[in-house]
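*Asks:* Build me a model:
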Amino acid sequence: MKTEKITLKSIKDSDGWVELAFALKFKNFNTENPDLTEDELTDKFYSEVINKKFKYGEYADIELVIDENFNIVGGRIL
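*Replies:* So this is what the prediction gives:
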């Protein structure tokens, strides 16, 4: 089946990208940094995880792989 890629830039979701990062990565991040206070942990998580992937914690560029039936069959956050 034929597929094509498309890049969507500057997708804004003020809370969504942050919620996604917390849901997927915060538990492990917390385990890896047991000596930090809650505020320090959150600040470090924002600087090392969220701000490296999402501009201002609100914008993301995504790449989608679409098949000939217009189904999303793959992709990634750039």
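
*Asks:* excluding its backbone neighbours, what's nearest I6?
*Replies:* Spatially, and ignoring its direct neighbours in sequence, I6 is nearest to L64 (5.3 Å; C-beta to C-beta, 6 or more residues apart in numbering). Backbone N, C-alpha and C define where each C-beta goes, glycine included.

*Asks:* Report the beta-bridge partners for that neighbour.
*Replies:* I6, G75 (DSSP bridges).

*Asks:* check contacts around it.
*Replies:* Contact partners of L64, counting by C-beta atoms under 8 Å, 6 or more residues apart in numbering, are 5-8, 72, 74-75.

*Asks:* Please report which of the residues you listed has the highest neighbour count.
*Replies:* In terms of neighbours by other C-beta atoms under 10 Å, the contacts of L64 top out with G75 at 15 neighbours.

*Asks:* Enumerate every residue touching that one.
*Replies:* Taking C-beta under 8 Å, 6+ apart, one finds 62-65 in contact with G75.

*Asks:* Look up how far M1 lies from it.
*Replies:* 16 Å (C-beta to C-beta, to the nearest Å).

*Asks:* I'd like the contacts of G75 laid out as TSV, including distance to P34 and pLDDT.
*Replies:* Output for the contacts of G75, formatted as TSV (distance: C-beta to C-beta, whole Å; pLDDT from 0 to 100):
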residue	distance to P34	pLDDT
I62	33	97
E63	35	98
L64	37	98
V65	38	98
